[in-house]
Each structure stands twice: as structure tokens, then as C-alpha cells.
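J.: Take this sequence and fold it.
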Amino acid sequence: MSTSPRSMSACSRALAAPLALVLTAALVLAGAAVAPASSQPADAEPTAWATAEELGLFATSKPRQVTKVRNRRPTEVGLQFVATSAGSVTGVEVYKVARASGATPRRASLWNARGERLATAKIAPHAGKGWVTVRFTSPVEVLANRTYTVSAFAPKGRYAMTARGLRKSRVRGVLQTGGERVGVRRHGGTSGFPKKAWRKSNYWVDVLFVPAPVITDPPEPTPTGWPNADNTGVPAGTALTPYTGPLTIQTPGTVIDAKQVDGSLRILAPDVTISRSSISGNVSIEEDASLTITDTDINAGDRAGTGLEAYNFTATRVHVVGGSRSMSCAKNCTIRDSYVHGQMTDETGVHHESGIRMEQNTTLIHNTITCDAPNVPPDAGCSAGLTGYGDFAPVRDNLIQNNLFLPSTGGTCAYGGASGGKPYSDATANIRFIDNVFTRGSGGKCGYWWPITDFDGNAPGNVWSGNVWDDGTPVSPS
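T.: Numbers count the residues shown, from 1 in each chain. Okay, the predicted model is just below:
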């Protein structure tokens, strides 16, 4: 294909051609006692006083397209947020849009999802406009992946608003906008829990959050050689017997060992185990289920589909061939010491193929990864060995460490999660490529154009470190 790589879409241009396990300490939500905050002195020009340890979603940026709501109706305005790791809320920031000191919001609060007030603080009057910061007397511990609300009560109205300002998810480090309504408000003469939204508006209230310290375990040992067809899949000498159980697994704790499975498995129950088996078909795990799969062969066949997907699975020494995609993780997956390759030849000329697709909380360690299916006109062939597009959710919180990327027939061997033009392109965060090896191949670039593309080195938490070509020279992301 002769089309310039820079003029093509992320997927189409691709067709042109030991681990530290981070364990966050579990935190128990603070008691229901509401603590006042020490008030700050009035300032002629309000400023945000966030410390280096404190994280907020707006980073004291000046609001754009902001409207000063001029009515004097008492209103509580707020923001729903989620942290992907536990931590503490130290205070609240609110943007004061009216210059008069009497227009300063008078009280900041933190609420849980049930509308229980966890902390509150009085806000001293400020003259001028800008960010105003107030802290609780004591930090309030919050849990990971729970929705909370920070709010400010404006007894005289005149608060800041940007209509549709939160129509896209906002992510900064471990923080992200959360909940169904995100920007919320409540009219009333006294401070109360805000839960109504209007046109996805942003009321410019922000959280001050400090992540909890993490505990790092030493790396686990991995085999000395790269995964291949000889050291993945069913161990030599294993005698397989036909599997006669149900293909839809609904019993928690089901174990399938040393079986030949003819057909696709659908996992609907938690704590399912598959080991030393050969599967002719696909394996899919639903969002409320979980699977541990080891020393297993999966042949997804000469048809479109994914060999292993999509939630809450741990795969070790798994060998996948066939299908239009070898593995896919929507959320919470670990893939180790595994080998994905040999995707189908798509005679229909339709499907975009890949080795592994990552979305959220994907950990890839010491795997051999490629997409090597041939290009078939008009539009079939490999995108990359590893893909990650923000089509359905932000691509974030993924670790790609000590993997071997074999040459791909696609335009690149890996995508970094920040493909432009996707609904969640601007929400990429915490993508870490560490100590991976890229094989040059006959074209010298691993893929047709590049070893990796769409990696945003400026995205929060993104890391590119120790990645090299197979001759030891450094690899830089495109």
C-alpha cells in the first residue's frame, strides 16, 4: 500500500504493511465524624495552594468558556470522582468567578456515593476571582474504584459553570471523573448532597487527593528463554481425555485439567481453572467471572474471533493461534510467559487483526507477541502485535514489561494507547513499556513503518524505559 502513514487512521495505517507487582495498601473509610478545616486568610487574588503531593483533576488550570451564573439562588455545586488506587482527600478547590468577597462559596464538603457527608470545611471570604483552596482538619481516607463527590456551597449563587465541559472523561494520574453524572448541583437554602446534572456541565470544583503509599514486591523469576511453541501450551507427555462437561461454565471453582475441549468455552462463574488442556475454539470470560489458565493451547480456528478474552483472567504459558485476534483484555488481566501468533488468513478482506489488545489494568510480562497474518485486499491484515485504542474506554493502567515483539506484517509492532480521533484518546494514562525487545525483521522496523506508534510520553504516568532492538540499541517511540 502506498498511502502515507501520517495521512491514514491509526488502524488503517497499521494495515499498510522481571516485574514489580504493585500492591496498594487497603484502606478503611474514615468514620462519619465531620471535621472543620482551618480557614485560610483572605487574599486579594485567590490562588490554589496544592502541594506537590496533592493531585487534582484540573491542576489549577484557568477555566475556558466559563459562564458566571448570575442568579442569587443558593446552590451546592460539585464533582464526582474516582481514584484507581486508595488514598486520602485533603481538601477541595473551587473556582471563584465573581470578584466580590461576598460571592465566595462558604463551605466545602466530601460525600460518599450514598450521600453521606464525610468531611466539611468553612471557606474564608476572598476578594477577586480565581481558584480558592480549603483543607479539612484531617485527611479523609477513601477506597479505590469508588465514586465520591467534592462540593462547594454558594449561598449567593454566582458560581462558575462550563456547559458540556465534562462531556469527555478527564484523567490525571490515578484520578478520573466518575459516576453517572460527573458534574452535579443542588438548589436549596442549606448545604446538601448535590446529585443532579445539567448538560454535562463542569462547575469547576476539584478534589485534592494524595495516593496511598505502595508496597513493592521483588520481581518474580521468569524462564531464561523466550516463550515459543515448545515451552508453552500442553506440556510434553500429558495424556488428554475428551472434555464432556458444559461449554458454558456456571459453577464457581470449576476445574478443567488435561482435557481436549472441542468447542468454545464461556466462563460465567468466578474462580474457574483450566490447565494442561487443548481447546479448539474460543475462551471468553464475562465481567463478573474469573479464570486462571495455564499450560494450555488455544486454536481459535480459521474464523474471526478472539482466542482468549476479556475480563479478570490470568494466563500463564498459554499458546494461542488462529482467529482474528489472539487475546484481548478489557479489564484486569495478567498474561505471562505466553506465545501469540499465527492469526487467520482472512479471505474476506475485512478484518483488522492483532496479537493482544489491551484496554485497562492489563499486565504483560515475558511473552512473545506478534501478528503475522498476511494482508488481504481490500482491508484485511494485521494492525499490530499489541494494540490499544480508546474506542470504548480510556486505555490506561497497563504494564508491558520484558516482552519479545517479533516482526509484524502490520504497520507497527505495538500501539501505545493514544491513537488520535478515538472517543477516549485524551484519557490515556499509566501506560508503562519497560525492558521490552523489538525484533527488526527484514524491513528493519519490526512493523512496516515503526516498532511502536501512538505512545504519548506526556500522558500522566506513562513510562518508556529500557526498550531495545534485538541488537541492544535503544528503541524510541514514534
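J.: Please tell me I have it right and residue 393 contacts residue 357.
T.: No: Residue 393 lies out of contact with residue 357 (Cβ atoms under 8 Å); the separation is 11.9 Å. Every residue, glycine included, has its C-beta placed from N, CA and C.
J.: How about the secondary structure of residue 102?
T.: Under DSSP: H, G, I helix; E, B strand; the rest coil, the three-state class of residue 102 is helix.
J.: What number of residues are in the vicinity of it?
T.: Using other Cβ atoms under 10 Å, residue 102 has 11 neighbouring residues.
J.: Name the nearest residue to it, sequence neighbours excluded.
T.: residue 156 (6.4 Å; Cβ to Cβ, 6 or more residues apart in numbering).
J.: Give me the more crowded residue out of residue 393 and residue 357.
T.: Between residue 393 and residue 357, counting by other Cβ under 10 Å, residue 357 is the more crowded of the two (24 against 14).
J.: For that one, which non-adjacent residue is spatially closest?
T.: Per Cβ to Cβ, 6+ apart, closest to residue 357 is residue 328, 4.2 Å.
J.: Would you mind measuring from the one you found to residue 390?
T.: 15 Å (Cβ to Cβ, to the nearest Å).
J.: can I see the domain layout of this structure?
T.: Domain ranges of the chain: 67-214, 219-469, per automatic domain parsing.
J.: mean pLDDT lowest for which of the ones you listed?
T.: Ranked by mean pLDDT, these end with domain 67-214 in last place, scoring a mean of 88.
J.: what's the offset of that one from the middle of its chain?
T.: 24 Å (Cα atoms, centre = their mean, to the nearest Å).
J.: Repeat that for stretch 420-435.
T.: Centre to centre, stretch against its chain (Cα atoms, centre = their mean), the figure for stretch 420-435 is 8 Å.
J.: how about the helices in the protein?
T.: In the chain, the helices defined using DSSP state H lie at 10-15.
J.: any idea which residue sits dead centre in it?
T.: residue 396 (2.7 Å; Cα atoms, centre = their mean).
J.: List the contacts of it.
T.: 84, 171, 360, 417, 427-431, 461 (Cβ atoms under 8 Å, 6 or more residues apart in numbering).
J.: Residue 455: what's it in contact with?
T.: 415-418, 431, 433, 462, 464, 477-478.
J.: and those, which are buried?
T.: Neighbour counting by 16 or more other Cβ atoms under 10 Å classes 415-418, 431, 433, 462, 464, 477 among the contacts of residue 455 as buried.
J.: Go through those and name the one nearest residue 307.
T.: residue 415 (19.0 Å; Cβ to Cβ).
J.: ok, what's across the strand from that closest one?
T.: residue 453 (DSSP bridges).
J.: In a markdown table, list the domains of the chain along with distance to residue 53.
T.: Output for those, formatted as a markdown table (distance: least, Cβ to Cβ, whole Å):
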| stretch | distance to residue 53 |
| --- | --- |
| domain 67-214 | 5 |
| domain 219-469 | 15 |
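J.: closest to residue 57 out of the ones you listed?
T.: Taking the domains of the chain one by one with Cβ to Cβ, domain 67-214 is closest: 5.2 Å.
J.: Report the distance from the strand of greatest length in the chain to the chain centre.
T.: The strand that spans the most residues within the chain, counting by DSSP state E, is strand 306-321. Its chain's C-alpha centre and that of strand 306-321 lie 19 Å apart, by Cα atoms, centre = their mean.
J.: Tell me which strands it pairs with, and in which orientation.
T.: strand 283-285 (parallel), strand 291-299 (parallel), strand 325-336 (parallel), strand 339-340 (parallel).
J.: Of those strands, which is nearest residue 454?
T.: Closest among these, once you apply Cβ to Cβ, is strand 325-336, at 17.6 Å.
J.: related to what we said a few turns ago, buried stuff in the longest strand of the chain?
T.: So for strand 306-321, counting by 16+ other Cβ under 10 Å, buried means 306-321.
J.: Next: stretch 333-347.
T.: Quick answer for stretch 333-347 (16+ other Cβ under 10 Å): 333-344, 346.
J.: do stretch 364-375 as well
T.: Those would be 364-373, 375, for stretch 364-375 by 16+ other Cβ under 10 Å.
J.: just the strands paired with strand 306-321: most buried one?
T.: Among these, strand 339-340 has the highest mean neighbour count (mean count of other Cβ atoms under 10 Å), at a mean of 30.
J.: Give me the distance from that one to the chain's centre.
T.: Using Cα atoms, centre = their mean, the offset of strand 339-340 from its chain centre is 23 Å.
J.: and the closest residue to residue 351 other than its chain neighbours, how many neighbours?
T.: Take residue 351 and drop its neighbours on the chain: the residue closest to it by Cβ to Cβ, 6+ apart is residue 324, 4.4 Å away. Neighbour count of residue 324, defined by other Cβ under 10 Å: 22.
J.: Wait, residue 324 touches residue 353, no?
T.: Yes: using Cβ under 8 Å, residue 324 is in contact with residue 353, at 4.8 Å.
J.: Find the residues that touch each one of the two.
T.: 343-344, 346, 373.
J.: which one among those gets closest to residue 204?
T.: Nearest to residue 204 among the shared contacts of residue 324 and residue 353, with distances taken as Cβ to Cβ, is residue 343, at 47.6 Å.
J.: OK, contacts around that closest one?
T.: 321-326, 353-355, 371-373, 382.
J.: Ok, residue 241 next?
T.: 258-260.
J.: residues near residue 70, how many?
T.: By other Cβ under 10 Å, neighbour count at residue 70 equals 10.
J.: which residues sit in contact with it?
T.: Going by Cβ under 8 Å, 6+ apart, the list of residues near residue 70 reads 157-158.
J.: For residue 358, see how far away it is.
T.: 47 Å.
J.: How about residue 442?
T.: 27 Å.
J.: Settle it for me: which of the two has more neighbours?
T.: Using other Cβ under 10 Å as the criterion, residue 442 and residue 358 rank with residue 358 on top: 29 against 6.
J.: what residues are up against that one?
T.: 329, 364, 386-388, 395, 398, 400, 417.
J.: what's the burial count for the nearest residue to it once chain neighbours are set aside?
T.: Spatially, and ignoring its direct neighbours in sequence, residue 358 is nearest to residue 388 (4.6 Å; Cβ to Cβ, 6+ apart). Residues lying near residue 388 (other Cβ under 10 Å) number 29.
J.: Residue 292 contacts residue 314, correct?
T.: Yes: contact criterion Cβ under 8 Å: residue 292 and residue 314 qualify, at 5.0 Å.
J.: returning to that earlier point: distance to residue 114 added to the contacts of residue 343, as CSV?
T.: Listed next are these as CSV, based on distance: Cβ to Cβ, whole Å:
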residue, distance to residue 114
321, 49
322, 48
323, 44
324, 44
325, 40
326, 42
353, 46
354, 42
355, 43
371, 46
372, 52
373, 50
382, 48
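J.: Which of the residues you listed sits closest to residue 470?
T.: Looking across the contacts of residue 343 and measuring by Cβ to Cβ, the closest to residue 470 is residue 372, at 16.3 Å.
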